[in-house]
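> A predicted structure for the sequence below; I have some questions about it.
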Amino acid sequence: MKTIKRGDEVKRVSEKEAMFFVRNGWNYCPKSEWKVNRKTQTKPKVEVEELEVTDNISDKKKRKMRKENKRKKYEAK
């Protein structure tokens, strides 16, 4: 992959495509320019609602029992 530039437009293309573009007026440029340009075009982050942490004892007991049952199952083999 190569990074090419013409004016303000920066592209990341394969080496064969880059050779074609350079013959037609584009110039090679550092990958860092593409990274900076790419970050400004990303979509805004969507805020994710935080899940409530439950301290429900019954959930903990269920998980513990499943874990113990699984361990016993593999020990028996």
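Ah, there it is. Since the structure is predicted, the reported quantities are computational estimates derived from the model, not experimental observations.
> For residue 11, grab the count of nearby residues.
16 (other C-beta atoms under 10 Å). C-beta here means a position set from N, CA and C on the backbone, and glycine is covered the same way.
> where does the nearest residue to it once chain neighbours are set aside fall, phi/psi-wise?
Nearest residue to residue 11 in three dimensions, chain neighbours excluded: residue 4, at 5.4 Å (C-beta to C-beta, 6 or more residues apart in numbering). Dihedral pair for residue 4: phi -130, psi 160, per degrees, to the nearest 10.
> try residue 9
Per-residue torsions, residue 9: phi -80, psi 130 (degrees, to the nearest 10).
> show me what contacts residue 5?
Going by C-beta atoms under 8 Å, 6 or more residues apart in numbering, residue 5 touches 11, 26, 27, 28, 29, 33.
> Neighbour-wise, which one of those leads?
In the contacts of residue 5, the most neighbours by other C-beta under 10 Å go to residue 26, 21 neighbours.
> returning to that earlier point: and the residue nearest to residue 11, how far from residue 70?
55 Å (C-beta to C-beta, to the nearest Å).
> just to revisit the earlier point, strands - which of the contacts of residue 5 land there?
If you go by DSSP state E, the contacts of residue 5 have 11, 27, 28 in strands.
> Quick check: which ranges of the protein have low pLDDT?
40-57, 76-77 (pLDDT under 70).
> Looking only at residue counts, what's the top helix in it?
Assignment by DSSP state H gives helix 57-76 as the longest helix of the chain.
> about what we covered before: could I get the contacts of residue 5 in JSON lines, plus columns for distance to residue 60?
JSON lines is the format used below for the contacts of residue 5 (distance: C-beta to C-beta, whole Å):
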{"residue": "11", "distance to residue 60": "53"}
{"residue": "26", "distance to residue 60": "61"}
{"residue": "27", "distance to residue 60": "62"}
{"residue": "28", "distance to residue 60": "59"}
{"residue": "29", "distance to residue 60": "56"}
{"residue": "33", "distance to residue 60": "52"}
